[in-house]
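**Q** coordinates for the following, if possible.
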Amino acid sequence: MKVEQIYTGCLAEAAYYIESNGECAIIDPLRETSPYIKRAEKDNAKIKYIFETHFHADFVSGHLELSKKTGAKIVYGPNAACGFDCYSAKDGEEFKIGALTLRVLHTPGHTPESSTFLLIDENGKEYCIFSGDTLFIGDVGRPDLAIKSSVTKEDLAGMLYDSLHNKILTLPDDVIVYPAHGAGSACGKNMSKDTFDKLGHQKQVNYALQNITKEEFIKQVTDGLLPPPQYFSKNAMMNKQGAGNLEDVYSHGLKRLSVTEFEAAAEETHALILDTRDPQVFCKGFIPNAINIGVNGQFAVWAGTLITDLNQPILLLCDEGKEEECVTRLARVGYDNTLGYLSGGIEAWQNAGKETDSITSISAEEFSKQFSPEMCVLDVRKPGEYEPEHLVNAENKPLDFINDWASETDRSKTYYVHCAGGYRSMVAASILKARGFENLVEVAGGYGAISKTLVPKTNLVHTK
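**A** Numbering: from 1, shown residues only. Below you'll find the model as predicted:
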């Protein structure tokens, strides 16, 4: 028996590979299918099933393409109505993978069709659960992501309580919990950095598994939920209907464009120029109106949060060798309309005599020297980061909602922009710059660096 977690850090997403006696199954695959096919080939095994715990909202699944390439059957739990050929299993139904058995436990709550898969080993022992977004390590799935559903988040939270208490908490304490996500995913609130754990330990430490009433549970899991990123509902619908072929995305997304071709494509298609370089490199010189989302951060998540149209034409400027990674990570969250990338990067643009723009970036030390209470400081961290500790005069304007607040912000003022570490602040500054804000100063290193200076802060605990 082999059970392997295939974890993708940038999406905080876990897929799973199960193999026994030459048969294997994949659970919750990402869109690119080659890693799963190659893994099965390494074991000389046949992919028999593709199990989906639910209609994922935070990434586009590779279930349809993987099925077409391997002949594997796509299996969801009950109540899963798909726009393609799949099997909606009954609660309690079992599937054989070699000498192993996978039992479907219908666990609605995160979404109506959410299911947990219980793996029973060769000896009949209940070995582990693949809990999808029903149960995380340290948390449970948010109950507000159902697709076009008439049920409320409170209704789903109540279903989740019943699912946990009737289906999962009755299992032995030594059962391993393998969730679909870890810390960094927006599918929950308080996920641990651990990516698996024993159920018995989760019963002790997970706030949502404590001995509380259903009413208390509903209040806890619905309290403090921020609106989900705008791409979530769109990705969920793509997964329900079936996404296009990834090879088709590569065929146009990986086109090498000269400066002339790049410029013409931008003008003809009104494409978004997405610069994926490091923030501190980007700010020194970039194509006017380009947006910076660095590929070395949560690139796909922020693209999905900020680019409101999945069909938006996108032109890429990347560090050499990063082109395929950028196209792949955009496609993982449904952005299939990449038109190509600038051959030679920013150097080719500059060598062609084309205009570039820049954003002023200063160190935390320099910021502390310039600081005055009259400064306009934009803290683009999330409210949960801002509220415990922030600069005395900083206004909290989360990057997540920049498409809402940018139009209401005075363009004539000078703004000092910071986040926690310097990644999100440059994303925000680049968007503001593209929208006509001329007087912007980004603080490199973010609050992590600023907090070490003497700039006045609030909500701090002082000791004598």
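
**Q** which strands or helices does the one helix or strand in the chain whose mean pLDDT sits lowest pack on?
**A** Taking mean pLDDT, DSSP states H and E as the measure, the chain has strand 457-458 as its least confident helix or strand, at a mean of 90. The helices and strands touching strand 457-458, judged by 3 or more CB pairs under 8 Å, 6 or more residues apart in numbering; DSSP states H and E, are strand 390-391. (C-beta placed from N, C-alpha, C; glycine too.)

**Q** for the stretch 51-200 of the chain, what spans make up the helices?
**A** Secondary structure of the stretch 51-200 of the chain (DSSP state H, counting those that start in this stretch): helices at 63-70, 153-163, 199-205.

**Q** so for Y335, which of those sits nearest?
**A** With CB to CB, the closest approach to Y335 among the helices of the stretch 51-200 of the chain belongs to helix 63-70: 16.6 Å.

**Q** quick one: average confidence on that closest one?
**A** If you average the pLDDT over helix 63-70, you get 97.

**Q** same check, this time on stretch 347-366
**A** 98.

**Q** now do the contacts for the nearest residue to L209 once chain neighbours are set aside.
**A** In space, not counting the residues next to it along the chain, L209 is nearest to K203; the distance is 5.2 Å by CB to CB, 6 or more residues apart in numbering. With CB atoms under 8 Å, 6 or more residues apart in numbering as the criterion, the residues that contact K203 are 169, 173, 209.

**Q** same list (those) but as a markdown table, adding neighbour count and pLDDT.
**A** Compiled in a markdown table, the contacts of K203 are given as follows (neighbours: other CB atoms under 10 Å; pLDDT from 0 to 100):
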| residue | neighbour count | pLDDT |
| --- | --- | --- |
| L169 | 14 | 97 |
| D173 | 12 | 98 |
| L209 | 20 | 95 |
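
**Q** re the thing from before, could you list the paired strands of the least confident helix or strand of the chain along with their orientation?
**A** Partner strands and pairing direction for strand 457-458 (DSSP bridges) are strand 390-391 (antiparallel).

**Q** contacts for the strand it pairs with next, please.
**A** Strand 390-391 has contacts (CB under 8 Å, 6+ apart) with 377, 379, 396, 447, 450, 455-459.

**Q** which of those residues are buried? Put it as a ChimeraX command.
**A** This is the ChimeraX syntax for the buried subset of those, where burial follows 16 or more other CB atoms under 10 Å:
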select :377,379,447,450,455
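
**Q** any idea which of the contacts of strand 390-391 is closest to G141?
**A** N396 (26.8 Å).

**Q** wait, that closest one touches Y386, no?
**A** Yes. Between N396 and Y386 there is a contact at 4.4 Å, judged by CB atoms under 8 Å.

**Q** common neighbours of these two, please.
**A** Taking CB under 8 Å, 6+ apart as the contact criterion, the residues that touch both N396 and Y386 are D379.

**Q** could you pull up the residues touching the closest residue in space to M1 that isn't next to it in sequence?
**A** Nearest in space to M1, with sequence neighbours left out and distances taken as CB to CB, 6+ apart, is S20 at 5.2 Å. Neighbour list for S20: 1-2, 97-100, 122 [criterion: CB under 8 Å, 6+ apart].

**Q** which members of those are classed as buried?
**A** Judged by neighbour count, with buriedness set by 16+ other CB under 10 Å, the buried members of the contacts of S20 are 97-98, 100.

**Q** just the ones of those in strands?
**A** Restricting the buried ones among the contacts of S20 to those inside strands, with DSSP state E as the criterion, leaves 97, 100.

**Q** residues near A444, how many?
**A** For A444, the tally of surrounding residues (other CB atoms under 10 Å) stands at 20.

**Q** in terms of pLDDT, where does it sit?
**A** According to the predicted model, the pLDDT of A444 comes to 97.

**Q** my guess is it meets A364, correct?
**A** Yes. Here A444 reaches A364: they are 7.2 Å apart, a contact under CB under 8 Å.

**Q** so who does the nearest residue to E325 once chain neighbours are set aside touch?
**A** In space, E325 comes closest to V295 once its chain neighbours are excluded; the distance is 6.3 Å by CB to CB, 6+ apart. Taking CB under 8 Å, 6+ apart as the definition of contact, the neighbours of V295 are 276-277, 318-319, 322, 325-326, 329.

**Q** looking at those residues, spot the one nearest S150.
**A** Checking those against S150 by CB to CB gives R329 as the nearest, at 34.3 Å.

**Q** make sure that closest one is actually in contact with T8.
**A** No. Checked against CB under 8 Å, the pair R329 and T8 is beyond contact range at 9.4 Å.

**Q** neighbour count for the two, which is higher?
**A** Relative neighbour count places R329 above the other of R329 and T8, with 25 against 16, counting by other CB under 10 Å.

**Q** now G445: how far from N296?
**A** Counting by CB to CB, to the nearest Å, the gap between G445 and N296 amounts to 16 Å.

**Q** re the thing from before, in JSON lines, list the contacts of S20 along with distance to S233 and pLDDT.
**A** As requested, those are exported to JSON lines (distance: CB to CB, whole Å; pLDDT from 0 to 100):
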{"residue": "M1", "distance to S233": "37", "pLDDT": "95"}
{"residue": "K2", "distance to S233": "35", "pLDDT": "97"}
{"residue": "I97", "distance to S233": "33", "pLDDT": "98"}
{"residue": "G98", "distance to S233": "38", "pLDDT": "98"}
{"residue": "A99", "distance to S233": "40", "pLDDT": "98"}
{"residue": "L100", "distance to S233": "35", "pLDDT": "98"}
{"residue": "E122", "distance to S233": "41", "pLDDT": "97"}
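
**Q** include distance to K214 when you put the residues you listed into JSON lines, please.
**A** Supplementary listing: the contacts of S20 in JSON lines, determined by distance: CB to CB, whole Å:
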{"residue": "M1", "distance to K214": "37"}
{"residue": "K2", "distance to K214": "38"}
{"residue": "I97", "distance to K214": "35"}
{"residue": "G98", "distance to K214": "39"}
{"residue": "A99", "distance to K214": "39"}
{"residue": "L100", "distance to K214": "34"}
{"residue": "E122", "distance to K214": "38"}
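
**Q** and E395, how many neighbours?
**A** E395: 15 surrounding residues under other CB under 10 Å.

**Q** M375 is in contact with that one, correct?
**A** No. Shown here, E395 and M375 do not form a contact pair, counting by CB under 8 Å, at 10.6 Å.

**Q** against A352, how distant is R424?
**A** As judged by CB to CB, R424 and A352 stand 31 Å apart.

**Q** repeat that for S343.
**A** Separation of S343 from A352 (CB to CB) stands at 11 Å.

**Q** so what's T409 up against?
**A** Listed by CB under 8 Å, 6+ apart, the contact partners of T409 are 397, 415, 432, 437.

**Q** ok, Q280 next?
**A** When contacts are counted by CB under 8 Å, 6+ apart, Q280 touches 361, 422, 426, 444.

**Q** Y447 now?
**A** Under the criterion of CB under 8 Å, 6+ apart, the contact partners of Y447 comprise 379, 381, 385, 389-391, 418-421.

**Q** quick one: buried ones out of those residues?
**A** When neighbours are counted using 16+ other CB under 10 Å, the contacts of Y447 contain these buried positions: 379, 381, 385, 390-391, 418-421.
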